[in-house]
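K.L.:
let's see this in three dimensions:
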Amino acid sequence: MALFSKQLGIDLGTANTLVYLPGKGIVLNEPSVVAVSEQDNTIIAIGIEAKEMIGKTPESIIVYRPMKDGVIADYRVTEAMLRYFIGKALGKYNLWKPDVMVSVPAGITSTERRAVVEAAVRAGARNAYVVKEPILAAIGAGIPIHESKGHMVMDIGGGTTDVAVISLGGIVASTSVKCAGDKIDQAISDYIKKTFNLAIGDKTAEVIKMKIGAAVPLEEELTITIKGRDFIQGLPRTAQISTNEVVRAIDKELRVMIGAIKDVLSETPPELASDIIDEGIIMTGGSSQLRNLADLVYRRTGVKARVADDPLFCVVRGTGEALSHLDTYKKTILTKK
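P.N.:
Numbers count the residues shown, from 1 in each chain. Alright, predicted model coming up:
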């Protein structure tokens, strides 16, 4: 480690990118969104500024996410986005290239992994390390991963849900499904289109999920008034939607996520399975905050579940912790460049 080299932990997510600076904590939390001008292919805005443009741009500007299902879909734009986030996190007057640790989904291929390392190095990193998200989520949630004891982590992001059983610092069984927060938003949007003949934007679907969404029906329902465009008349219109309608809308997506837990449990050695029954499942990631999701997990699998403290920040905190103790966690690092 060079004397002046800084270290950065990056949770490069489909929906949000978070950056952790050891000693300072989380220094950046912005949407993984980029606005590009179609005329000359230049990047106009990145992060919060770009997200505010969603659904409001003229034809000459497209706003999109360069990450899809947890991996890089547009290499050039991801590299530019990473460079912007690294620069913003370190400040204008930083002269040293940082050592960067980036989180990746559990089911990533070696080619996808290499693309992340290369993008980080080209974006200004001195060394780039890649670690699987469930490991980082476990470290960030305060789980002692080096014990000879089974711990199950479910990390629900925007693009992927990663489920893994961790013991002795490594992953024993894991799976990654491309069904998470984005698919839940899409399901809500589709349901409103079918039921109310109303077109709503991605941001509105996300607001519905956060304000009134739940994994199991509630006795005292919450309601929200939504605004959108009527499909038949083409005019703006409002409608009201309740929690239990959202529960019905997202049932299929939640089944896929619970299916991932069952798949991993079926591959888990019996000794570790008994640890998981005692310890329960730790849920991290933004979408783990869906109301009563832990109840649904318990009902469908018979295993207790709980949401970690600050679930959105577990992965990025894990990168900071792993960077601060590189020797301790070197077994968990997949790629170094």
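K.L.:
now do the helices in the stretch 1-150 of the chain.
P.N.:
Taking DSSP state H, counting those that start in this stretch, the helices of the stretch 1-150 of the chain run over residues 48-51, 75-90, 110-122, 133-140.
K.L.:
I'd like those laid out as a markdown table, including mean pLDDT, distance to residue 30 and mean neighbour count.
P.N.:
In this view, the C-beta of every residue, glycine as well, is placed from N, C-alpha and C. What follows is those, written out as a markdown table (pLDDT from 0 to 100; distance: least, C-beta to C-beta, whole Å; neighbours: other C-beta atoms under 10 Å):
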| stretch | mean pLDDT | distance to residue 30 | mean neighbour count |
| --- | --- | --- | --- |
| helix 48-51 | 95 | 5 | 18 |
| helix 75-90 | 94 | 7 | 20 |
| helix 110-122 | 93 | 17 | 18 |
| helix 133-140 | 95 | 19 | 30 |
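K.L.:
could you measure from the residue of the chain most remote from its centre over to residue 199?
P.N.:
Seen from the C-alpha centroid of the chain, the residue lying at the greatest distance (C-alpha atoms, centre = their mean) is residue 233, 37.1 Å away. Separation of residue 233 from residue 199 (C-beta to C-beta, to the nearest Å) stands at 11 Å.
K.L.:
could you do residue 191 as well?
P.N.:
With the distance defined as C-beta to C-beta, residue 191 ends up 12 Å from residue 199.
K.L.:
when the two are compared, which one has more neighbours?
P.N.:
residue 191 (18 against 15; other C-beta atoms under 10 Å).
K.L.:
just the pLDDT for that one.
P.N.:
On pLDDT, residue 191 comes in at 97.
K.L.:
equivalent analysis for the one 4 residues further on, please.
P.N.:
In this model, residue 195 is scored at 96, pLDDT.
K.L.:
quick one: neighbours of residue 156, just the number.
P.N.:
Look at residue 156: counted by other C-beta under 10 Å, it has 27 neighbours.
K.L.:
now it: phi and psi?
P.N.:
In this entry, residue 156 is assigned phi and psi values of phi -110, psi 110 (degrees, to the nearest 10).
K.L.:
before we move on, the earlier item: of the helices of the stretch 1-150 of the chain, which is nearest residue 325?
P.N.:
helix 133-140 (9.2 Å; C-beta to C-beta).
K.L.:
may I have the closest one as CSV, with CA atoms only?
P.N.:
Listed next in CSV are the C-alpha coordinates belonging to helix 133-140 (Å, rounded to 0.1, in the frame of the first residue of the first chain):
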residue,chain,number,x,y,z
GLU,A,133,-22.0,-8.6,-2.5
PRO,A,134,-23.3,-11.2,0.0
ILE,A,135,-19.8,-11.2,1.7
LEU,A,136,-19.7,-7.4,1.9
ALA,A,137,-23.3,-7.2,3.1
ALA,A,138,-22.5,-9.7,5.9
ILE,A,139,-19.3,-7.8,6.9
GLY,A,140,-21.3,-4.5,6.8
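K.L.:
and it, what other elements does it pack with?
P.N.:
Judged by 3 or more C-beta pairs under 8 Å, 6 or more residues apart in numbering; DSSP states H and E, helix 133-140 is in contact with strand 99-104, strand 151-156, strand 161-167, strand 170-177, strand 281-284, helix 314-324.
K.L.:
highest average neighbour count across these?
P.N.:
Highest mean neighbour count among the helices and strands packed on helix 133-140 (mean count of other C-beta atoms under 10 Å): strand 151-156, with a mean of 29.
K.L.:
average pLDDT across that strand?
P.N.:
97.
K.L.:
on contacts alone, who are the packing partners of that strand?
P.N.:
helix 133-140, strand 161-167, helix 251-267, helix 270-279, strand 281-284.
K.L.:
name the residues that touch the first one?
P.N.:
Okay, so that is helix 133-140. Residues from elsewhere that reach helix 133-140, judged by C-beta atoms under 8 Å, 6 or more residues apart in numbering: 11, 70, 103-106, 145, 151, 153, 155, 157, 160, 162-164, 166, 171, 174, 282, 284-285, 308, 313-319, 321-322, 329, 332.
K.L.:
check the last one too.
P.N.:
Taking contacts as C-beta under 8 Å, 6+ apart, the residues outside strand 281-284 that touch it are 137-138, 140-141, 143, 151-156, 261, 293-294, 297, 301, 303-308, 311, 314-315.
K.L.:
if we go to 7 Å?
P.N.:
137, 141, 143, 151-156, 261, 293-294, 297, 303, 305-308, 311, 314-315 (C-beta atoms under 7 Å, 6 or more residues apart in numbering).
K.L.:
read off the pLDDT value for residue 335.
P.N.:
We have a pLDDT of 64 for residue 335.
K.L.:
likewise for residue 324?
P.N.:
86.
K.L.:
just give the closest residue to it, not the sequence neighbours.
P.N.:
Nearest residue to residue 324, sequence neighbours excluded (C-beta to C-beta, 6 or more residues apart in numbering): residue 22, at 5.0 Å.
K.L.:
who's in contact with that neighbour?
P.N.:
Neighbouring residues of residue 22 by C-beta under 7 Å, 6+ apart: 7, 320, 323-324.
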